[in-house]
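> Provide a 3D model corresponding to the input given below.
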Amino acid sequence: MPITITREEFHQIYVQGEDAVYALVQMLVQRYNKLEERVTVLEARLGKDSHNSSKPPSSDWNRKTPQSLREKTGKRGTLHTAPFPRGVDAPVQYGPSIRSILVYFSQYPLLPQKRLTDAMTDLFDVRISEGTVNKAIQETYVRLEATESAIKDAILGSPVVHGDETGMYVAGKRIWQHTLGTSLHTYFFCHGNRGKAALREDGTLEGLNVTSECPKLSKKYPAVSEACSAHRHSVAFGDTYRLFVNMV
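Numbering: from 1, shown residues only. Sure, this is the predicted structure:
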């Protein structure tokens, strides 16, 4: 706080003698020294900038202010609108990263949908219904139609095509997952029939030269045969079992 003293107050101190005047001067000298020290600290602080301290250049008080390259157009205060980014089709929706995760883990490692929705909640704190998972899968299926056609064409154009089918259950009903593939491409589709009806309905039968160890198929589609892995393993097991029986 500032110190003020009137002439009358000073006279009262003066008439008290030399000690009283000395005490007043001593108090003023101490206050002066403190203020002088504070001014020195503040001046040193103001004298620091990016070239003599660790302060960043953005803190320099005399640095050149960047100039905007935008010119005045007279449209200040006008309402401007722009289209939403591509893929944003609803007021509230999951982004492409979330949908990609749903499709990947449901189709590649074949994670059950209920377990997938639980994992999304546990890992990302995102609550997703199984309907959302199905919708993401269907959207991806539609978008990959051209890719699917290209894969089928590549397989049909290959001189050697592997074919197999695996039984599975959907809603308690037995269906078959058919597999056609080469060293570069693989194509899956599901059908209720295990044999040629599935290939014909899928549209791949016309382009395939079927080869099989099955006599029934070999009669309909004569070609050089190659044993499948399951057939080969069963033959090896039979040979080994007969050898064991003969040894006994």
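> residue closest to the middle of this protein?
Residue closest to the mean C-alpha point of the chain, counted by Cα atoms, centre = their mean, is residue 97 at 4.7 Å.
> least trustworthy helix or strand in this protein by mean pLDDT?
Taking mean pLDDT, DSSP states H and E as the measure, the chain has helix 215-220 as its least confident helix or strand, at a mean of 45.
> buried set for the longest helix seen in the chain?
Of all segments of type helix in the chain, defined using DSSP state H, the longest is helix 18-46. Within helix 18-46, the residues scored as buried using 16 or more other Cβ atoms under 10 Å are residue 24. To be clear about C-beta, it is placed using only N, CA and C from the backbone, and glycine gets the same treatment.
> avg pLDDT for that helix?
Mean pLDDT, computed over helix 18-46, is 90.
> run the chain-centre distance for the very next helix or strand once past that helix.
Remark: after helix 18-46, the chain's next helix or strand is helix 96-107, criterion DSSP states H and E. Its chain's average C-alpha position is 10 Å from that of helix 96-107, according to Cα atoms, centre = their mean, to the nearest Å.
> helices or strands next to helix 96-107 in the packing?
helix 113-124, helix 130-143 (3 or more Cβ pairs under 8 Å, 6 or more residues apart in numbering; DSSP states H and E).
> break this protein into its domains for me.
7-46, 94-143 (automatic domain parsing).
> just put those domains in TSV and tack on distance to residue 73.
Shown next, in TSV, are the domains of the chain (distance: least, Cβ to Cβ, whole Å):
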stretch	distance to residue 73
domain 7-46	40
domain 94-143	34
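> hang on, the earlier thing: quick one: the longest helix of the chain to chain centroid distance?
Offset of helix 18-46 from its chain centre (Cα atoms, centre = their mean): 64 Å.
> ditto for stretch 74-83
Worked out by Cα atoms, centre = their mean, stretch 74-83 lies 33 Å from the chain centre.
> what of stretch 107-120?
16 Å.
> picking that back up, of all the domains of the chain, which one is nearest residue 78?
For residue 78, the closest of the domains of the chain is domain 94-143, at 30.7 Å, according to Cβ to Cβ.
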